[in-house]
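Based on what follows, work out the 3D shape:
(one chain, ligands or ions: 1)
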Amino acid sequence: MSSKVFINGEFYDKEDAKISVFDKGFLYGDGVFEGIRAYDGKIFKLDEHVDRLFEGARAIMLEPPYAKEEIKRIIMETCRINNVKDAYIRPVLSRGIGDLGLNPFLAKKASFVVIVDKLVMYPQEIYEKGMPVIVASTVRSSLNALPPVIKSLNYLNSILAKIEAANAGVPEAVMLNESGFVSECTGDNIFIVRKGVLITPPREAGILEGITRKTVIEIAKKHGIPVEERLFPKIDLYIADEIFLTGTGAEVVPVTSVDKRIIGNGEPGKITKFILEEYRKLTKTEGTPIY
Ligand code: PXG
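Next up, the predicted model:
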């Protein structure tokens, strides 16, 4: 059955869900988006995702066409109309239609779209055995250029690194910032474990402050696992005891090799497995009910 997409106040069949070629989101990547997940009829961390969407909008001076509560209501409504319990939810705010020029303020009204789709997950085998990654030569955009803290519609920086990953035959690539410190992956945050301590790059490394990342830090602290948010170089990946990636779609994914260096004993580590288990418990119990 065809899914229904919300566009500026109306629901359209997937095949007819279209945005103008004059939309600045299409022409310039001028807009922001979110990736949210529903588990068993509950939307996980809805408030956090909508807050981040609005922060991004504020940073680029994009006036959302609906208030925050209304945006949440539309997201829920789009889930209900699609009759989903488990789903991937993609709200998109784009600058809207204007002329061909760059000036964003000539666009009169922002567009708001909500897509609800099936979740494309990493294969189950990866959660059991871990996955290989590379370190990309593409450098993460600097905070003062295209700040990774904004989940903008311009993902070319990530896509360049994803091309490197695909060409190397691995699912993800780690990106370094301009100073050579580890920042994050193309669509996931990164954690390493060294001597029992969980270490993840800080905001200043040039990262999207992932909602899964924050949840993982909370889980670790709750269970007495020490966490450090600090800069570290690529070499610390090679000598880590454990590595995992976090993201809404990915949850907690074990990494078992980096640039062909085997991590730990080549299997998902103990702390990684524990964090994944605890994270999944939360997704089962928390969330905003759709129905
Ligand atoms: N870094 C980047 C660059 C991301 O795009 C994350 C980290 C993790 O953030 P969250 O808040 O999800 O923990 C992301 C998020 C997809 C998809 O369709 C990508 C993300 C989230 C959901 C789906 O590939 N990336």
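
Which of the helices or strands spans the residue lying closest to Ala17 once chain neighbours are set aside?
Counting by CB to CB, 6 or more residues apart in numbering, the nearest residue to Ala17 once its immediate chain neighbours are dropped is Val5, at 3.6 Å. Just so you know, the C-beta spots here come from the backbone N, C-alpha and C atoms, and that holds for glycine as well. Following DSSP states H and E, one finds Val5 within strand 4-7.

is it fair to say Thr246 lies in a strand?
Yes. Under DSSP: H, G, I helix; E, B strand; the rest coil, Thr246 sits within a strand.

and it, what does it touch?
Neighbouring residues of Thr246 by CB atoms under 8 Å, 6 or more residues apart in numbering: Asp188, Asn189, Ile190, Phe191, Gly210, Thr212, Arg213, Val216, Val252, Val253.

Give me the helices and strands touching the helix or strand His49 falls within, please.
If you go by DSSP H and E, His49 is part of helix 46-59. Helix 46-59 sits against strand 31-33, helix 68-81, strand 87-94, helix 211-222, with contacts defined as 3 or more CB pairs under 8 Å, 6 or more residues apart in numbering; DSSP states H and E.

before we move on, back to that, what does the strand holding Val5 contact?
Contacts of strand 4-7 (CB under 8 Å, 6+ apart): 11-14, 17-19, 74, 77-78, 81-82, 111-116.

what about burial for those, which qualify?
The neighbour count (16 or more other CB atoms under 10 Å) marks 11-12, 17, 19, 74, 78, 82, 111-116 as buried among those.

ok, stretch 85-93 near the ligand or not?
No. Between stretch 85-93 and the ligand, judged by CB under 6 Å from any ligand atom, nothing touches; the nearest distance is 6.5 Å.

From the chain's centroid, how far away is that stretch?
In terms of CA atoms, centre = their mean, to the nearest Å, the centre of stretch 85-93 is set 12 Å apart from its chain centre.

Stretch 281-291 now?
19 Å.

And for whichever residue of the stretch 51-200 of the chain sits closest to the ligand, the neighbour number?
Across the stretch 51-200 of the chain, the shortest distance to the ligand (CB to the nearest ligand atom) belongs to Gly187, at 4.0 Å. Neighbour count of Gly187, defined by other CB atoms under 10 Å: 20.

Shouldn't it be within a helix?
No. Gly187: not assigned to a helix; according to three-state DSSP it is coil.

Please shift the residue numbers so they start at 161 in all later answers.
In the new count, where the first residue is 161, that last one comes out as Gly347.

Contact partners for it?
Residues near Gly347 by CB under 8 Å, 6+ apart: Ser318, Lys322, Glu332, Gly407, Gly409, Ala410.

Write out the residues of the chain neighbouring the ligand.
195, 318, 344, 347-349, 368, 370-373, 406-409.

go with 8 Å
Those residues of the chain that sit near the ligand, judged by CB under 8 Å from any ligand atom, are 195-197, 205, 208-209, 212, 248, 250, 280, 308, 311, 315, 318, 344-349, 367-375, 406-410.
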